[in-house]
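Q: A structural model of the following input is requested.
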Amino acid sequence: MLPLSRVRRQPGWLAVVVQGGRVVLAHGVRHSGARPEIRLLESFRVEEDEKRALERLRASHGLKAYACTTLLPLGHYTLTQVDAPNVPLAERREAARWGLKGLVDFPVDTACVDVLDIPLEGGGRQASIFVAAAAESAVRACALPFEDANVTLASIDIPELAQRNIAALFEDENRGLAFLHLDENGGRLTLTYRGELIAVRRVEIAALQLADDDVARRDKARERLALELQRSLDNFDRQFSFISVSKLLLAVSPPVEELRGFLAENLYVPVVDMDLATVMDFPSVPELRERSRQAASLLAIGAALRSDEVAA
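A: Purely as a prediction, here's the structure:
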């Protein structure tokens, strides 16, 4: 989303993501024509504050030897789908910036803004884009602990794009993919096609609600989730009729028993539990064979699988 520097030594990206009072490190490397590889995945408790945690990791894990990336926290940015402005590509970002006026609650003139094209094949449709935007103060707050700890960030990304990076690996050729990721705070549904983010929806139902000991509350949460997913898939089919969704990929942390089967009975697309071992290698990280660990670390792993390169 936001390139910040151009310094790097080790191949690939090191995602340094603060979540739930912990710092998660994930080092990912993409290989041309081969499966990507996760070479490192570790999680550390933040004992005092983020700055001190990052200082310790800089020393113990040699963070300066990597191109580091992190993720903006939920609620610290917006991702808006709008009609593409009718301007040259070089001017699209600035045009999108001013198009946000009145849609966000922070000054757009100093905001950090990036745009993502939404690829279209059908004729007669207005081209659309995603506009990712964050207040300058939000980006500074995210970067400040890294600066104070003398850890250089090469980029700051958003969770939707980290999830897209994972989804792209599971797509069937020329088919769309729905990917639902849920955790203790809720989650998101992304729909991708040919490796590009086409649609996204925030899901306000947390994983623990779907495993509630109270059967009535649990069933109500599951039914609401299935209804939201069905509506999202129907809406996607209406908007993007040229994209056939092959399946719904599911990653839930903590795991929820019988959720896949429940959703499979209530949706018209196959529902498949995510297993990263089918699309990537992690010979040095045997704990990633456990699907629960995959789901718990999904955003950090996705952030580490950025496809662009940073010059040395």
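
Q: with just CA atoms, put stretch 240-257 into CSV.
A: Extracted C-alpha coordinates of stretch 240-257, given in CSV (Å, rounded to 0.1, in the frame of the first residue of the first chain):
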residue,chain,number,x,y,z
PHE,A,240,-19.6,-9.6,-11.5
SER,A,241,-21.6,-12.1,-13.5
PHE,A,242,-18.5,-12.9,-15.6
ILE,A,243,-16.7,-14.3,-12.6
SER,A,244,-17.8,-17.8,-11.4
VAL,A,245,-16.9,-18.4,-7.7
SER,A,246,-15.5,-22.0,-7.4
LYS,A,247,-15.5,-22.3,-3.6
LEU,A,248,-15.5,-20.6,-0.2
LEU,A,249,-12.2,-21.0,1.6
LEU,A,250,-12.5,-21.0,5.4
ALA,A,251,-9.9,-20.0,8.1
VAL,A,252,-11.1,-19.6,11.7
SER,A,253,-9.1,-18.9,14.8
PRO,A,254,-9.8,-20.3,17.3
PRO,A,255,-11.2,-23.3,15.4
VAL,A,256,-15.0,-23.9,15.4
GLU,A,257,-16.1,-27.4,15.2
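
Q: buried set for stretch 21-40?
A: 23-30, 36-40 (16 or more other C-beta atoms under 10 Å). Every residue, glycine included, has its C-beta placed from N, CA and C.

Q: typed the wrong thing, it's stretch 156-172
A: By neighbour count on 16+ other C-beta under 10 Å, the buried set for stretch 156-172 is 156-171.

Q: what do you get for stretch 203-217?
A: Using 16+ other C-beta under 10 Å as the test for burial, stretch 203-217 gives 203, 206-207, 209-212.

Q: quick revisit: any chance of the buried residues of stretch 21-40 in JSON lines, with pLDDT and distance to Gly261 too?
A: What follows is the buried residues of stretch 21-40, written out as JSON lines (pLDDT from 0 to 100; distance: C-beta to C-beta, whole Å):
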{"residue": "Val23", "pLDDT": "94", "distance to Gly261": "35"}
{"residue": "Val24", "pLDDT": "96", "distance to Gly261": "30"}
{"residue": "Leu25", "pLDDT": "97", "distance to Gly261": "34"}
{"residue": "Ala26", "pLDDT": "98", "distance to Gly261": "30"}
{"residue": "His27", "pLDDT": "97", "distance to Gly261": "35"}
{"residue": "Gly28", "pLDDT": "96", "distance to Gly261": "31"}
{"residue": "Val29", "pLDDT": "94", "distance to Gly261": "35"}
{"residue": "Arg30", "pLDDT": "90", "distance to Gly261": "34"}
{"residue": "Pro36", "pLDDT": "96", "distance to Gly261": "30"}
{"residue": "Glu37", "pLDDT": "96", "distance to Gly261": "32"}
{"residue": "Ile38", "pLDDT": "97", "distance to Gly261": "29"}
{"residue": "Arg39", "pLDDT": "96", "distance to Gly261": "35"}
{"residue": "Leu40", "pLDDT": "96", "distance to Gly261": "34"}
